[in-house]
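Participant: Sequence first, predicted coordinates after that:
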Amino acid sequence: MTRYRLIVAYEGTEFHGWQKQEPKDAPPLRTAQGVLESVVSKVVREPIVLVGASRTDSGVHAVGQVAAFSTSTEIPVERLARAITSRCPDDLQVLSADIVPEEFDPIANARIKKYRYLIQYGRVIKPLFDRRTVWTTHHHLDLDRMKDGAARLVGTHDFDPFASASHGRETTVRTILECDAEAASENRIAIEVIGTGFLYNMVRIIAGSLVEIGRGARAPESIDQAFASGDRALTGPTLGPQGLRLEWIEHDVPASRESQSHEEDARS
């Protein structure tokens, strides 16, 4: 068996998130993982188990989701991504495929992730052609205020006030390596966040908090106050999923058992 890593992109509007969902008394929901696992199984002509690195929510998009599976297929790896994509629906693509050690786990080996949240603001016409990938507000947003607020999020903090109550995690301490708001184009701002891990709805609440700061409803210092008090009321609303996109995930790829054996022989 050979283990393969896929870089996956999808427009998440019509997916119930990444993770497979199979209710007991109802048909399976349409998810990116479920659709892709079914397609890959048909391409390699055997059942496979597909594991993804990030559980994106319903309506959230990705251009750098990472997934892995093992198979005995003889399809050359350089042809695999195209073969899979040719059978995928229009809202899902496999951008690349490579071979990784059999120990590779997209979840356990994930090191850092980047998310991007795109906002259109001001008294402008609502987006039409890309309306599914941008969140819209009619408020004017002050970019400098948003940058001030974003900078206060960097570091290791208890992000409980920036997470939905149903996050289901034992600890809410997370590390944000970079957070910024930048002009993406006229009347558009992109919030970009890089971190070692994220809680349920954390990026959407961060975006909501920065929008509140940008429109003057909160001060940039409200970020510090939220961390100090742990009070969810001091952070912003959970913005809609359409503006959020998983950009990329970096992994620590484990050495294969064969490589480890060679290293041990060299040391002995």
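Facilitator: Alright, I've got the coordinates.

Participant: where in the stretch 101-250 of the chain is pLDDT low?
Facilitator: 167-168 (pLDDT under 70).

Participant: tell me the phi and psi of residue 202?
Facilitator: As for residue 202, its main-chain torsions (degrees, to the nearest 10) stand at phi -60, psi -50.

Participant: Run a quick neighbour tally on it.
Facilitator: 23 (other CB atoms under 10 Å). Glycine gets a C-beta too; all of them are placed from N, C-alpha and C.

Participant: Likewise for residue 229?
Facilitator: By other CB under 10 Å, 11 other residues sit near residue 229.

Participant: chain center to stretch 197-214: distance?
Facilitator: Remark: stretch 197-214 is offset 13 Å from the chain centroid, using CA atoms, centre = their mean, to the nearest Å.

Participant: hey, C-alpha coordinates of that stretch in CSV?
Facilitator: What follows is stretch 197-214, C-alpha atoms only, in CSV (Å, rounded to 0.1, in the frame of the first residue of the first chain):
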residue,chain,number,x,y,z
GLY,A,197,-4.7,25.6,15.6
PHE,A,198,-8.2,27.1,15.7
LEU,A,199,-11.4,26.6,17.7
TYR,A,200,-14.9,26.2,16.3
ASN,A,201,-15.9,29.5,14.5
MET,A,202,-12.8,31.2,15.9
VAL,A,203,-11.8,32.9,12.7
ARG,A,204,-15.3,34.0,11.9
ILE,A,205,-15.6,35.6,15.4
ILE,A,206,-12.2,37.2,15.0
ALA,A,207,-13.4,38.7,11.7
GLY,A,208,-16.7,39.8,13.4
SER,A,209,-14.7,41.5,16.2
LEU,A,210,-12.4,43.3,13.8
VAL,A,211,-15.4,44.5,11.8
GLU,A,212,-17.0,45.9,15.0
ILE,A,213,-13.7,47.7,15.6
GLY,A,214,-13.4,48.9,12.0
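
Participant: What are the buried residues along it?
Facilitator: By 16 or more other CB atoms under 10 Å, the buried positions in stretch 197-214 come out as 197-214.
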